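*Asks:* turn this into a model:
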Amino acid sequence: MVKRSTGGLGMEDPAIHPRPTRVAAAERPRAALASPLIVWAIIVAGLYFGREIFIPIAIALLLSFVLGPLVNFLRRWRLPRLVAVGLTVLMTLGIVGALATLIGIQVADLAGDVPRYRATIERKVESLRHSPAGRITDYVANIGRVIHGGASTEAKPEPPPKPKPPAEAGPPQSERKPMLVEMAASPPSPLETASTLLSPVMQPLATTGIVFVVLLFVLMQREDLRDRLIRLAGSRDLHRTTVAMDDAASRLSRYFVAQLALNSAFGLVVGIGLYLIGVPNPVLCGIVSALMRFVPYLGAFISALLPMVLAAAIEPGWNMTIATAILFLILEPLTGQVIEPMLYGQSTGLSPTAVLVSALFWTWLWGPVGLLLSTPLTVCLVVLGRHAEHLEFLDVLFGDRPALTPVQNFYQRILAGDSEEVLGHAELILQHCSLSSYYEDVVLKALELAARDAARGVLTPAQKSAMRGTLSELIDDLADRADGPVEGARKDKEAADACEAQGACSPLPVHPIPNHLPETWTREGAVLCISGRGFLDAAAVAILAQILAKRGIGARTMPFAETASVHLAELEPKGARLACVVSIAHGGEPQHLNRLIARLRERMPAVPVLAGLWLADEGQRRPGFTLDADIVSGSLHEAVEAVLAAAEADPARPARQDSQPDPAAAVAVAAPGPVGQGA
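*Replies:* The predicted structure follows:
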């Protein structure tokens, strides 16, 4: 092996033997993928094998969110923290003890009546067998047995009887009576009796004790725990981290308190309804219904089984059972579809799939207790994902917010050429913002993404054609929509805040319609909107012309193909007050815009030119490049402002005929940043 000395140390030259470096670089992505999987596997294994410890801690943490507002209320009455926390915990312990005692009494009462209920149910089952439905069922069952066991129904010859063995010779022996032996057990000692009686409740009592000890500790050390979580989450930006933690705690407290109150009210109404119907043990049924509503989707319907069975067991007929079923069929949809959205709306922040998956996961991990805690625990994880950067994937996986931003969603739909989906997406966003804001914040930013992909050469001609067709249909469909403040747009504050957080409803001012526009600016062709040579520039020009038309400006669009010298000579600039050249070309210096501006000035020397280079990413603008135009705009908003300012400064305006200002000189609108106004 050839070696080259490096510094006298006898090391191999990396230029000769680079293979280990390449192998390490190739294995690095595998290690980066395997490390998180190993960490999460260890966490799941720890939660599974340590469930005896983690279940009480989880219950105590969830109870701390419920009882936190009560502790704060008592603290406002100048009570010491120890007294406030003690009173809260003692009250909670008393409620839990009263419920446990009540459930025990109800279960004991129900167990005493089980034989009578069983006899009633057996009589009803027997009566069902003799009913027409039962006879039809037996008939179908007999047909099935005949079909599947026809060969076995054929008559078979009976075997001959076996001969009896002859009686043994000898004199008959006298019969001996067996002796009865009775084993008397010694009476159990008091210790054994106590152990037998307490062993079924020892585990629940121990779990309850751990829960309340941890709960007392969490409520006493609440601020200290918050400071430690802030240190773990990131102490560099204390303001942001503190606001995030307080927001997460308040959201969870409001949700858990609302859910507990709603489920308790549901159980109370169920108990009262069952009492009026005449179902036995209505208190037990109400408590079970309140607890089972914590189980997503199927909890309320499962809780209806117990009262329906009791109703069927106590009455010979079926009227009570039907009334019980009607009670649950009315209460559950009313509570889940009407009262819950009014009470806490979408504060859970969970998608339906996440609720189902979390229920399966936590049930597999912690059993029935995990099923009851699945939704609250997943809500905690989603809230952490929204406020902790390293846990953002939890919000993406389980949250109800869209995985894609409105800009990305719009681009994906125009890329697929689905005009109906694009229009539905637009109708949804336009409920919270004006038309110009939608064009500015969603459509044009999505077109910039498309221009970026086109510059990279990843778009096929078919995809470009589909985009142009879809955008043309969208602009035509929105032509009749007014561009102004949306009536009732901010009623759904959470939806509007989420929309603004994703950049789809920025509070851009709506351009007012000028009063007494000069007639020269309202005629068709007063503003020539000319597109660049980019494949999406025509859509941007159509958007500008539509917004100007809604302001009373007579705009006319002109494709780039008609701006060649041959075609431009045929252009009649009579009546044109302003020319707008717009492009969203990505990458490179759009020198063709300057050449186009030069041709326009040669053909229409008296008409000022507005150049719009609309790029969502300001970093794409070259520092040394300038547009040789009278006015330069960096966005749709700036372009509309410039046109309206030019119209108001027109010498033909009656209020300003004495000043005779020049439209180009009256408007000094320049895009911020390196793309400045040309000389």
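*Asks:* can we go C-alpha only for contacts and neighbour counts from here?
*Replies:* OK.
*Asks:* in this structure, where's the longest helix?
*Replies:* helix 238-277 (DSSP state H).
*Asks:* next SSE after it?
*Replies:* helix 282-292 (DSSP states H and E).
*Asks:* what's that following helix in contact with?
*Replies:* If you take CA atoms under 8 Å, 6 or more residues apart in numbering as the criterion, helix 282-292 is touched by 102-103, 106-107, 263-272, 274-275, 299-300, 302-304, 306-307, 372.
*Asks:* taking those, please make a ChimeraX selection of just the buried ones.
*Replies:* Buried residues among those (16 or more other CA atoms under 10 Å), as a ChimeraX selection:
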select :103,106,263,264,266,267,268,269,270,271,274,275,299,300,303,304,307,372
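*Asks:* follow-up on the earlier one: so which bits of the longest helix of the chain are buried?
*Replies:* Buried, per 16+ other CA under 10 Å, within helix 238-277: 241-242, 244-245, 248-249, 251-260, 262-264, 266-271, 273-275, 277.
*Asks:* mean confidence for whatever helix or strand residue 60 lives in?
*Replies:* Assigned by DSSP H and E, residue 60 belongs to helix 51-76. Helix 51-76 carries an average pLDDT of 88.
*Asks:* angle of the next helix or strand after that helix against helix 51-76?
*Replies:* Counting by DSSP H and E, the next helix or strand C-terminal to helix 51-76 is helix 81-112. Angle, helix 81-112 to helix 51-76, by axes from the mean of the first three to the mean of the last three CA atoms, to 10 degrees: 130 degrees.
*Asks:* mind giving me the packing neighbours of the following helix or strand past helix 81-112?
*Replies:* Per DSSP H and E, the first helix or strand lying C-terminal to helix 81-112 is helix 114-130. Counting contacts by 3 or more CA pairs under 8 Å, 6 or more residues apart in numbering; DSSP states H and E, helix 114-130 packs against helix 305-314.
*Asks:* residues making contact with the helix it packs on?
*Replies:* Applying CA under 8 Å, 6+ apart, the contact partners of helix 305-314 are 117-118, 120-121, 274, 279-280, 282, 285, 318, 320-321, 324-325.
*Asks:* returning to what we had before: let me see the mean pLDDT of the longest helix of the chain.
*Replies:* Average pLDDT, helix 238-277: 82.
*Asks:* next, the angle helix 282-292 makes with it.
*Replies:* Using the same axes, to 10 degrees: helix 238-277 against helix 282-292 is 150 degrees.
*Asks:* CA atoms only for stretch 603-618, dumped as PDB, please.
*Replies:* Extracted in PDB, the C-alpha atoms of stretch 603-618 (Å, rounded to 0.1, in the frame of the first residue of the first chain):
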ATOM      1  CA  ARG A 603     -44.300  54.500 -29.400                       C
ATOM      2  CA  MET A 604     -46.000  56.500 -26.600                       C
ATOM      3  CA  PRO A 605     -43.600  59.200 -25.400                       C
ATOM      4  CA  ALA A 606     -46.200  61.100 -23.500                       C
ATOM      5  CA  VAL A 607     -47.500  58.200 -21.500                       C
ATOM      6  CA  PRO A 608     -45.700  57.400 -18.200                       C
ATOM      7  CA  VAL A 609     -44.700  53.800 -17.600                       C
ATOM      8  CA  LEU A 610     -45.200  51.800 -14.300                       C
ATOM      9  CA  ALA A 611     -43.100  48.700 -14.000                       C
ATOM     10  CA  GLY A 612     -44.100  46.000 -11.500                       C
ATOM     11  CA  LEU A 613     -41.600  43.200 -10.600                       C
ATOM     12  CA  TRP A 614     -43.600  41.200  -8.100                       C
ATOM     13  CA  LEU A 615     -41.400  38.700  -6.200                       C
ATOM     14  CA  ALA A 616     -42.500  37.100  -3.000                       C
ATOM     15  CA  ASP A 617     -38.900  36.500  -2.000                       C
ATOM     16  CA  GLU A 618     -37.200  39.900  -1.700                       C
END
